[in-house]
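Trainee: Build me a model:
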Amino acid sequence: MSRNALTVYAPASMGNVGVGFDLLGAALAPVNGELLGDKVTISAAEQGIEFTQTGAWAHKLPSSAADNIVSQCATFFLSKQGIEQGVKLELEKNLPVGSGLGSSASSVVAALYALNCFFNSPYDQNALLQLMGEFEGKISGSVHYDNVAPSYLGGMQLMTDTPSSVCEAIPHFKDWYWVVSYSGVSLSTAKMRALLPEQQDMATTLDYGRRLSAFVHASYKGDPQMAIDVLKDVIAEPYRAAAIPGFVEARQALNELGMLTTGISGSGPTLFTITDSLAKAEQAKLWLDDHYLCQAGGFSHVCKIDEQGARAL
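Mentor: Numbering: from 1, shown residues only. The predicted model follows:
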C-alpha cells in the first residue's frame, strides 16, 4: 500500500457528443489550462473511512458521508478487497450537479482511480471501468459509460461493450475547439431521460445508425466536413431542447455566428458548440456568457479534447 497521500483529478466530459446517444463520449480540457473536473485526495487513516468534501459545489451534495457516492465507492472497494486499513478521502467538488458535464462520473472516476492506485491496483483497466460505470449508474439511473470512460481514459471514446472491451478510443479532430457553456440550471439526468420515448421509429433509428457510423468513419478518415455534416442528435435533442432554458435560441444565434454545429452535452443544460477558429470560439464564449448563463454559478469554457483522462496530480 502507498504510504503517501495521493490526489487524483478526473476531467469533465460530454456524453453523447450529439451524434452518439449513450455510445460516444469525450473528455474536456479548457485551453487556458484550468482543470475542469473533480479531485479526490486519499491518505491512510487509523481505521474506517474518514470523508470530507470541499469545493464550489460541495453544498449541493448529501451532507451525510454514507450518502455520498465517493464514500460508497470506498466502502465497496475496501470490503471487496478485504482491506482493513482505514482511509481518509477528501472530495473537491468542482463540477455542478445535474450540469451535463459528467459531474457524478468525475467524482466516481477520481475516487475509484485513487483507491485503486493507493492499494496497488488490484483492478485492471477494464474491470475498474466496469466498476466506475456501475457506481455512476446509481446516480444517473442506469449503467452507461459515455461519461466515465472518457473521464477515466481521456480522448473520445466509443462504447463497444464487448466481452473484452467496454470502449475503444477513436481519433478526434485536433483543430476543433469545443465551447461548452453551463447555464447555471440543474437538470436531473433521470428526469431528462424520462422525456425520451420508450421506442423510436424505424426511420429515426436508421438515421441515428447512419450518422454515428459516418461520424466514426469520418474521424478515422480525417474528414472534418463529413463529421460536421452528420454531427446531429436525432434521438434525444428533439425531445430535450425545449426543456433546456435558452437552448433553442442559443443554437440559432451560434449558427448565425458561424459555429460549425451546436448540441446538448449529455442531458443538458450544458451545450457544446464547435469551431476550428480560436477567435470564433472566443466570440461564441462571450455571446454565451452574456446570453445563455441565467443563474449564479454558470460558466463557459473554450476547450480541446482532454487527452489524458484521470491522473494523479
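Trainee: For the stretch 151-300 of the chain, just list every one of the strands.
Mentor: Secondary structure of the stretch 151-300 of the chain (DSSP state E, counting those that start in this stretch): strands at 156-162, 165-170, 177-182, 261-264, 271-275, 299-305.
Trainee: Run through the stretch 201-313 of the chain and note the low-pLDDT ranges.
Mentor: Nowhere does the stretch 201-313 of the chain drop to pLDDT under 70.
Trainee: now the helices for this structure?
Mentor: In the chain, the helices defined using DSSP state H lie at 69-81, 103-118, 125-140, 148-153, 189-194, 202-221, 224-230, 237-240, 247-257, 278-291.
Trainee: pretty sure Phe119 is touching Gly82, no?
Mentor: No. Between Phe119 and Gly82 there is no contact under CB atoms under 8 Å: 10.7 Å. Just so you know, the C-beta spots here come from the backbone N, C-alpha and C atoms, and that holds for glycine as well.
Trainee: neighbour-wise, which of the two wins?
Mentor: Phe119 (18 against 6; other CB atoms under 10 Å).
Trainee: so how far is Ile83 from the more buried one?
Mentor: 6 Å (CB to CB, to the nearest Å).
Trainee: where do the contact lists of these two overlap?
Mentor: The overlap between the contact sets of Phe119 and Ile83 (CB atoms under 8 Å, 6 or more residues apart in numbering) consists of Phe77.
Trainee: right, and the helices of the chain - which one's nearest Glu92?
Mentor: Judged by CB to CB, the one of those that comes nearest to Glu92 is helix 103-118, at 8.8 Å.
Trainee: Could you name the helices and strands sitting against that closest one?
Mentor: For helix 103-118, the packing partners by 3 or more CB pairs under 8 Å, 6 or more residues apart in numbering; DSSP states H and E come out as strand 6-11, strand 37-45, helix 69-81, strand 86-92, helix 125-140, helix 148-153.
Trainee: Contact partners for the residue lying farthest from the centre of the chain?
Mentor: Centroid-distance maximum for the chain: Glu46 at 34.0 Å, with CA atoms, centre = their mean. Listed by CB under 8 Å, 6+ apart, the contact set of Glu46 reads Gly86.
Trainee: on that earlier part again, nearest to Glu34, of the helices of the chain?
Mentor: The closest of these to Glu34 is helix 278-291. By CB to CB, the value is 13.1 Å.
Trainee: mind listing what's buried in the closest one?
Mentor: 280-281, 283-285, 287-288 (16 or more other CB atoms under 10 Å).
Trainee: Could you name the helices and strands sitting against it?
Mentor: Judged by 3+ CB pairs under 8 Å, 6+ apart, the packing partners of helix 278-291 are strand 177-182, helix 247-257, strand 271-275, strand 299-305.
Trainee: okay, that helix in CSV with CA atoms only?
Mentor: What follows is helix 278-291, C-alpha atoms only, in CSV (Å, rounded to 0.1, in the frame of the first residue of the first chain):
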residue,chain,number,x,y,z
LEU,A,278,-9.9,30.2,-31.8
ALA,A,279,-11.1,33.7,-32.5
LYS,A,280,-14.6,32.5,-33.3
ALA,A,281,-14.6,30.2,-30.2
GLU,A,282,-13.8,33.2,-28.0
GLN,A,283,-16.6,35.2,-29.8
ALA,A,284,-19.0,32.3,-29.1
LYS,A,285,-17.9,32.2,-25.4
LEU,A,286,-18.6,35.9,-25.0
TRP,A,287,-22.1,35.5,-26.5
LEU,A,288,-22.9,32.6,-24.3
ASP,A,289,-21.6,34.4,-21.2
ASP,A,290,-23.9,37.3,-22.0
HIS,A,291,-27.0,35.5,-23.2
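Trainee: next one: that helix to chain centre, how far?
Mentor: Using CA atoms, centre = their mean, to the nearest Å, the mean C-alpha position of helix 278-291 is found 22 Å from that of the whole chain.
Trainee: Check stretch 160-169 too.
Mentor: Its chain's C-alpha centre and that of stretch 160-169 lie 18 Å apart, by CA atoms, centre = their mean.
Trainee: again, but for stretch 133-145
Mentor: In terms of CA atoms, centre = their mean, the centre of stretch 133-145 is found 12 Å from the chain centre.
Trainee: likewise stretch 237-244?
Mentor: Centre-to-centre, stretch 237-244 and its host chain are 19 Å apart (CA atoms, centre = their mean).
Trainee: Which one, of the strands of the stretch 151-300 of the chain, ends up nearest to Gly222?
Mentor: Per CB to CB, nearest to Gly222 of these: strand 165-170, 11.7 Å.
Trainee: Report all helices and strands that that closest one contacts.
Mentor: Using 3+ CB pairs under 8 Å, 6+ apart, the elements in contact with strand 165-170 are helix 125-140, helix 148-153, strand 156-162, helix 202-221.
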